[in-house]
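Student: heads up, no residue letters with this:
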């Protein structure tokens with residue numbers, strides 16, 4: 001198993017992703033620059049029987065504002081440390 005697929009599996013287990021229903025899906029918000037690799041990871045993860053993943057890609061700033069507005073992501077992969085740190089604070 002590739003490390004990246006293993007990482008998604010771990011995240012899914014830790015967030016309680018337990019099925020393929022839309023409400024049980026793991027919600028991943030990732031920087032647009034990661035879109036290609038994330039689509040490959042999602043396909044590989046789901047092909048191995050992992051739960052459904054709803055992938056949302058946009059600029060790190062837009063994703064940050066979405067998360068600040070409400071629970072819109074289980075995982076946030078930012079390309080900008082400033083936006084990540086702002087959410088932590």
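Tutor: Sure, I can see it. Computed from a prediction, not measured in an experiment: that's the story for all the values here.

Student: for the residue minimising distance to the centre of the chain, name its beta-bridge partners.
Tutor: Using C-alpha atoms, centre = their mean, the residue of the chain that lies closest to the mean C-alpha position is residue 28, 1.9 Å off. When assigned by DSSP bridges, residue 28 has beta-bridge partners residue 55, residue 75.

Student: OK, contacts around it?
Tutor: Listed by C-beta atoms under 8 Å, 6 or more residues apart in numbering, the contact set of residue 28 reads 38, 42, 53, 54, 55, 56, 73, 74, 75, 77. No exception for glycine: its C-beta is placed from N, CA and C like everyone else's.

Student: where does pLDDT dip in this protein?
Tutor: For the chain, the stretches with pLDDT under 70 are 1-23.

Student: hmm, try it at 80
Tutor: Across the chain, the ranges flagged by pLDDT under 80 are 1-24, 50, 71-72.

Student: helices of that one, residue ranges please.
Tutor: Per DSSP state H, the chain carries helices over the ranges 3-15, 35-47, 60-69, 81-88.

Student: any chance of those helices in JSON lines, plus mean neighbour count and distance to residue 24?
Tutor: What follows is the helices of the chain, written out as JSON lines (neighbours: other C-beta atoms under 10 Å; distance: least, C-beta to C-beta, whole Å):
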{"stretch": "helix 3-15", "mean neighbour count": "15", "distance to residue 24": "10"}
{"stretch": "helix 35-47", "mean neighbour count": "15", "distance to residue 24": "13"}
{"stretch": "helix 60-69", "mean neighbour count": "16", "distance to residue 24": "20"}
{"stretch": "helix 81-88", "mean neighbour count": "12", "distance to residue 24": "24"}
